[in-house]
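[1] Here you go, sequence then predicted model.
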Amino acid sequence: MTSSRFDVAVVGAGPGGLAAAEAAVGAGARVALVDGAGQPGGQYWRHPAGDLDAVADLHHGLKTFRAQVRAVDAATTFFGHQVWTIEKVAAGFVVRAVVAGTEVEIAATSLVLAPGAYDRQLPFPGWDLPGVYTAGGAQALLKGNQVLAGRRVVVGGTGPFLLPVASGLAARGAKVAGVFEANSPLGWVRRLPAVLPVAGKLTEGAGYTAALARHRVPYRSRHAIVAAHGTDRVTAVTVARLDRDWRIVAGSQQRVECDAVAVGWGFTPQLELPLAVGCATRVDVDGSVVVQVDEAQRSSVPGVYVAGEACGVGGAALATVEGAVAGRAAAAVATGRAAGAGAVPRRLVGQRNRLRAFASAMHRTHPVRDGWRDWLTDETLVCRCEEVSAGRLREATDELGATDARSAKLLSRAGMGWCQGRVCGYATSCLVAAWSGRPFEPGAAAERPVAVPIPLGLLSQHPGT
Ligand SMILES: Cc1cc2nc3c(=O)[nH]c(=O)nc-3n(C[C@H](O)[C@H](O)[C@H](O)COP(=O)(O)OP(=O)(O)OC[C@H]3O[C@@H](n4cnc5c(N)ncnc54)[C@H](O)[C@@H]3O)c2cc1C
């Protein structure tokens, strides 16, 4: 099925895509807004179908969200449409989406891509047990389905995202047995010049801290969940104190009973669609591959603008500003109206610079350090889909001669399963680099020509793909 032609197609209806669609509509463009989810909101404003009020207390910035949703009324929305690829054509782009196994083609002169990110994971013994969730997964269950991951939950990993996860769980009645932050938040003190200008973040952080205190949730820095235990599902974790490199301090291990675990080590930008159209990338402060954009959020491909986590993980406020810039610029180019209308307002440039500086401070305060590799045993699964253990991956490097993540994947099958390396790709790249003595390759798992699963029959209609 082919839709009518648009000036701007926006892919992603999270904070970045919604702001882009709002700005493009405001600039007089005909806009298509496409998202695989059934409603707008993305990861940040996730809510049960049609019932935002049910989880309003778990959200920030709902005034912005509601205003954006009203504004994009003037756009043509394609919710529940998963974009599997995008083609460049003479007149612009064709966005190919699937809905109920059928393809919909959306043609547009300009594109704004705001596909967001997914949880970055590190393996540890027992992380494959039922009841061990990513921090984002536990949060998505709570905000999207009003379901608690467990009654007694342990939260761990690194980064400020652990705070909303723990306080959300506690607010809905879970006993949070502890938040274990592997880095030291004192690192923020050294970076105050990047923090102070972003007052909203300070208020948000203070709110979470107060909520954790109110619910008597213990918070331990320089601690990590280093193993999960149980037979059919998780029943306890081992928590340990870490040294500066994240090696376990001998004798510091402690067992904590729980029925669920939420672990997160930051986020990995979702790059399939920007890579499908050929956008150039760069490596961000946190070691993630991100799309390279200029001041107007323009990528290296003419007509393609990118906003939000795909340009560097930085949170919803930054995604919103980038989206506003991208939508405006994409509309100006596509409609050809008012030359110069695409110039970026100084107010937005200032906001973006402050939020980007905050994001860099966050990545520097909460890096992933090398010592996590020592938590693994030979039996620890690295790739859960294909059940590839650390021992088998090591064999691929030490005995079979793999020197990069791709050859290790071919020799061990790590990253070849259902998730196509989204879960294990980062860890596999880190381990292979360390064991083969080669440099870490951050982008090794990001190139996937088919962005989402599609029926084989559909693929066969595109022999050139
Ligand atoms: C699981 C999870 C939960 C999170 N929860 C929080 C939270 O509670 N608080 C917080 O501060 N931060 C949270 N974050 C971080 C959050 O992602 C960002 O700060 C913010 O949402 C970024 O906005 P965005 O517009 O860049 O991306 P997103 O909000 O992620 O929006 C991207 C949108 O693109 C759509 N999309 C992606 N690929 C396709 C495709 N191929 N076809 C169609 N649609 C597509 C997705 O469905 C999604 O709606 C969470 C992240 C994750 C991964």
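    Right, received. Where do you want to start? Residues are numbered from 1 along each chain as shown.
[2] what about residue 167, which helix or strand?
    Secondary structure from DSSP states H and E places residue 167 in helix 162-171.
[3] Can you point out the buried residues in the helix or strand that that helix is followed by?
    Under the assignment DSSP H and E, the closest C-terminal helix or strand after helix 162-171 is strand 175-181. Buried positions in strand 175-181, judged by neighbour count with 16 or more other C-beta atoms under 10 Å: 176-181. (C-beta placed from N, C-alpha, C; glycine too.)
[4] Name the nearest residue to the residue of the stretch 201-350 of the chain found nearest the ligand, sequence neighbours excluded.
    Proximity of the stretch 201-350 of the chain to the ligand (C-beta to the nearest ligand atom) peaks at residue 308, 2.2 Å away. Closest residue in space to residue 308, ignoring its immediate chain neighbours: residue 16 at 2.7 Å, by C-beta to C-beta, 6 or more residues apart in numbering.
[5] Beyond the lengthiest strand in the chain, next helix or strand please.
    Counting residues, the longest strand in the chain under DSSP state E turns out to be strand 102-113. Later in the chain than strand 102-113, the nearest helix or strand by DSSP H and E is strand 117-119.
[6] for the helix or strand that comes right after that next one, packing partners?
    Next in sequence after strand 117-119, counting helices and strands by DSSP H and E, comes strand 132-134. With contacts taken as 3 or more C-beta pairs under 8 Å, 6 or more residues apart in numbering; DSSP states H and E, strand 132-134 sits against strand 260-264.
[7] how much does the strand it packs on deviate in direction from helix 162-171?
    Interaxial angle, strand 260-264 versus helix 162-171 (axes from the mean of the first three to the mean of the last three C-alpha atoms, to 10 degrees): 160 degrees.
[8] ok, back up a step: pick out the most distant pair among the buried residues of strand 175-181.
    Pairwise distances across the buried residues of strand 175-181 (C-beta to C-beta) peak at 14.4 Å, for the pair 177 and 181.
[9] just to revisit the earlier point, check contacts around the residue nearest to residue 308.
    Shown in contact with residue 16 (C-beta atoms under 8 Å, 6 or more residues apart in numbering): 42, 114, 116, 307-310, 319-320, 322-323, 326.
[10] I'd like the residues you listed as a markdown table, with pLDDT and neighbour count appended.
    Shown next, in a markdown table, are those (pLDDT from 0 to 100; neighbours: other C-beta atoms under 10 Å):
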| residue | pLDDT | neighbour count |
| --- | --- | --- |
| 42 | 97 | 23 |
| 114 | 98 | 33 |
| 116 | 98 | 22 |
| 307 | 98 | 33 |
| 308 | 98 | 38 |
| 309 | 98 | 33 |
| 310 | 97 | 30 |
| 319 | 98 | 31 |
| 320 | 97 | 28 |
| 322 | 98 | 32 |
| 323 | 98 | 31 |
| 326 | 97 | 35 |
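[11] Take the residues you listed and lay them out in JSON lines including secondary structure.
    As requested, the contacts of residue 16 are exported to JSON lines (DSSP: H, G, I helix; E, B strand; the rest coil):
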{"residue": "42", "secondary structure": "coil"}
{"residue": "114", "secondary structure": "coil"}
{"residue": "116", "secondary structure": "coil"}
{"residue": "307", "secondary structure": "coil"}
{"residue": "308", "secondary structure": "helix"}
{"residue": "309", "secondary structure": "helix"}
{"residue": "310", "secondary structure": "helix"}
{"residue": "319", "secondary structure": "helix"}
{"residue": "320", "secondary structure": "helix"}
{"residue": "322", "secondary structure": "helix"}
{"residue": "323", "secondary structure": "helix"}
{"residue": "326", "secondary structure": "helix"}
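[12] Take those residues and lay them out in a markdown table including distance to residue 198.
    Converted to a markdown table, these look like this (distance: C-beta to C-beta, whole Å):
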| residue | distance to residue 198 |
| --- | --- |
| 42 | 20 |
| 114 | 21 |
| 116 | 21 |
| 307 | 18 |
| 308 | 17 |
| 309 | 17 |
| 310 | 21 |
| 319 | 14 |
| 320 | 13 |
| 322 | 15 |
| 323 | 18 |
| 326 | 21 |
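[13] can you list the residues of the protein near the ligand?
    11-17, 34-37, 42-44, 82-83, 114-119, 136, 139-140, 161, 164, 267, 270, 273, 308-309, 315-316, 319, 451-452 (C-beta under 6 Å from any ligand atom).
[14] Pull the contacting residues for the residue nearest to the spatial centre of the chain.
    With distances taken as C-alpha atoms, centre = their mean, residue 117 lies nearest the centre of the chain, 2.1 Å away. Residues counted as contacts of residue 117 (C-beta under 8 Å, 6+ apart) are 43, 267-270, 309-310, 313.
[15] residue contacts, the residue in the stretch 51-200 of the chain positioned nearest to the ligand?
    Closest residue of the stretch 51-200 of the chain to the ligand, C-beta to the nearest ligand atom: residue 116 (2.2 Å). Residue 116 sits next to 12, 14, 16, 42-43, 269-270, 308-310, 319 when contact means C-beta under 8 Å, 6+ apart.
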